[in-house]
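> Any chance you can model this:
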Amino acid sequence: MKRTEIKEALEGKLVGQQITLMGWVRSRRGNKNVSFIALNDGSTIKNIQIVVDLQNFTEEQLKPITTGSCIKAEGLLVESMGKGQTVEMQANALHVFGTADVDTYPLQKKGHTMEYLREIAHLRPRTNTFGAVFRLRHHMAMAIHTYFHQHGYFYFHTPLITASDCEGAGQMFQVTTKNLYNLKKDQNGQIDYSDDFFGKQTALTVSGQLEGELGALALGKIYTFGPTFRAENSNTPRHLAEFWMIEPEVAFIDKTDLMDIEEDFLKFCVRWALDNCQDDLQFLNDMFDKGLIERLQKVVDTEFVRLPYTEGINILQQAIKNGKKFEFPCAWGDDLASEHERYLVEEHFGKPVIMTDYPREIKAFYMKQNADGKTVQGTDVLFPSIGEIIGGSVREEDYDKLMAEIEARQIPMKDMWWYLDTRRFGSAPHAGFGLGFERLMLFVTGMQNIRDVIPFPRTPKTAEF
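Numbers count the residues shown, from 1 in each chain. Okay, the predicted model is just below:
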């Protein structure tokens with residue numbers, strides 16, 4: 001008999017039919033006459049109840065059916081008389097695929113801390129919490145691809161191994177086939193990479209943006225969606241060494257167009273979660289973050305504030321005068337800390353903020369300068385609970401201005417000739433942004449630690465599984 005997913009069975013359309021269910025046992029309880037098995041197969045956060053009449057099964061048959069075991073159950077789907085479920089199965093045949101020893105299975109029916117579950121990341125997807133998180137992760141990925149496909153973007157695959165910006169970049173993971181115990185060096189004592197696999201120093205990418213710009217300046221509008229890597233020795237709830245980035249780049253748009261895209265895109269993703277993940281969101285709302293669904297709905301229903309950096313600084317300084325305490329200083333020219341961003345979003349405006357026109361010195365070399373010579377056309381989106389969720393900007397398309405900025409910052413560009421060529425041959429106005437996928441996941445799930453929204457987190461001293 002063909003397997004029925006528990007999600008389909010719970011819809012109730014198959015009541016009165018003989019069906020086959022397969023999944024993992026969450027619990028088994030009962031009395032001398034009947035046993036109740038809670039079964040879950042990952043298709044939904046909800047379990048289905050298997051009712052086992054003990055007149056039809058021996059104790060020997062039921063003994064291996066413990067929490068964590070994997071079984072097949074065949075029987076009649078009926079309307080349930082009990083509370084908490086609308087349908088249940090009356091089992092007439094049970095088969096055990098795999099047992100789970102009661103004394104050693106780590107996910108017995110009790111509460112577990114997030115820290116403990118990270119230690120068993122190979123098993124934590126079987127919990128309600130992480131089943132919900134990872135189903136939501138899938139749906140957010142589908143929302144991203146759907147949004148860009150519907151809006152005419154092309155999915156552009158940028159390299160994970162790059163020679164760009166390797167020199168002196170301490171936050172990149174090097175890629176090499178060299179014998180690290182016997183490194184060949186030149187006459188100046190520098191490592192000689194001529195015999196390495198690529199013949200030069202290479203690293204794992206921190207961003208696909210620069211290559212993405214090349215795609216946009218040929219295809220019009222593209223997006224990347226893939227893993228990126230930062231060797232930043234940061235053990236915080238907001239940082240990973242391996243994470244996923246979404247980076248659209250679009251030709252022929254200005255700052256206002258870019259902000260429109262950022263807002264529309266984020267609302268589309270959040271609306272997708274609300275429309276397609278109701279059960280998982282309700283569980284996370286009830287168990288972890290009582291304001292989650294309300295916060296998500298507010299983002300969808302609210303027009304984002306568009307706030308120049310200078311005005312934002314003035315608001316923050318006025319708050320300080322009125323007695324607000326911040327841990328970090330807040331003067332014009334400072335890069336805003338998360339506490340400043342969250343104050344603007346959560347306390348002052350009560351809605352998401354797109355902050356624009358940052359001081360040139362605190363932003364990247366490729367951002368388009370404003371006429372004042374002091375600020376650049378950055379467009380960062382700040383969200384409640386998260387702070388910055390998107391970092392975007394109009395890119396500087398003028399070759400001379402870009403080169404002047406590169407030289408002023410003493411950026412090594414010998415391996416970046418191809419990037420500069422886009423400003424020499426048919427340069428065009430263009431803009432784009434980067435969204436850390438796990439930051440989006442933190443917002444959508446209400447989880448507090450970024451390690452809990454990716455299946456196998458990579459952090460300093462941690463590369464398990």
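
> Could you pull out the helices in the stretch 301-450 of the chain for me?
Assigned by DSSP state H, counting those that start in this stretch, the helices in the stretch 301-450 of the chain fall at 309-321, 338-342, 399-408, 417-424, 437-445.

> to the chain's geometric centre, what's the distance from the last one?
Relative to its parent chain, helix 437-445 has a centroid offset of 5 Å by C-alpha atoms, centre = their mean, to the nearest Å.

> From the contact counts, what lies against that helix?
Packing partners of helix 437-445 (3 or more C-beta pairs under 8 Å, 6 or more residues apart in numbering; DSSP states H and E): helix 128-150, strand 242-251, helix 255-276, helix 292-301, strand 387-395. Every C-beta, even on glycine, is put in place using the N, C-alpha and C of the backbone.

> Measure how the fourth one sits relative to helix 255-276, angle-wise.
Looking back up the chat, that one is helix 292-301. 140 degrees (axes from the mean of the first three to the mean of the last three C-alpha atoms, to 10 degrees).

> Flag every buried residue along helix 292-301.
292, 293, 295, 296, 299 (16 or more other C-beta atoms under 10 Å).

> State the distance from residue 459 to residue 228.
15 Å (C-beta to C-beta, to the nearest Å).

> and if you look at residue 204?
Counting by C-beta to C-beta - residue 204 and residue 228 are separated by 8 Å.

> And the two? Which one has more around it.
residue 228 (23 against 19; other C-beta atoms under 10 Å).

> Is that one in contact with residue 206, as I believe?
Yes. With contact defined as C-beta atoms under 8 Å, residue 228 reaches residue 206; the gap is 5.7 Å.

> okay, the residue nearest to residue 464 when sequence neighbours are not counted: pLDDT?
Leaving aside its sequence neighbours, residue 464 sits nearest to residue 121 (C-beta to C-beta, 6 or more residues apart in numbering; 6.8 Å). Residue 121 is assigned 95 on the pLDDT scale.

> cool, and residue 166?
45.

> Could you tell me the end-to-end distance of stretch 247-258?
12 Å (C-alpha to C-alpha, to the nearest Å).

> So what touches that stretch?
148, 153, 158, 207-209, 212-213, 215-217, 220-225, 261, 265, 356, 377, 379, 392-395, 428-435 (C-beta atoms under 8 Å, 6 or more residues apart in numbering).

> Buried residues, that stretch. List them.
So for stretch 247-258, counting by 16+ other C-beta under 10 Å, buried means 247, 248, 249, 250, 251, 253, 255, 258.

> Give me the mean pLDDT for it.
98.

> ok, now stretch 436-444?
Stretch 436-444 comes out at a mean pLDDT of 97.

> where's it relative to the chain centroid, distance-wise?
That offset, for stretch 436-444, works out to 4 Å (C-alpha atoms, centre = their mean).

> mind listing what residue 223 touches?
144, 148, 153, 154, 155, 156, 212, 246, 247, 248, 249 are the contacts of residue 223 under C-beta under 8 Å, 6+ apart.

> What is the neighbour count of the residue nearest to residue 337 when sequence neighbours are not counted?
Spatial nearest neighbour of residue 337, chain neighbours left out: residue 328 (4.3 Å); criterion: C-beta to C-beta, 6+ apart. The number of residues packed near residue 328 is 11, by other C-beta under 10 Å.

> OK, contacts around residue 328?
So residue 328 contacts 334, 337, 339, 340 (C-beta under 8 Å, 6+ apart).

> ditto for residue 131
With C-beta under 8 Å, 6+ apart, residue 131 has these contacts: 40, 42, 45, 125, 280.
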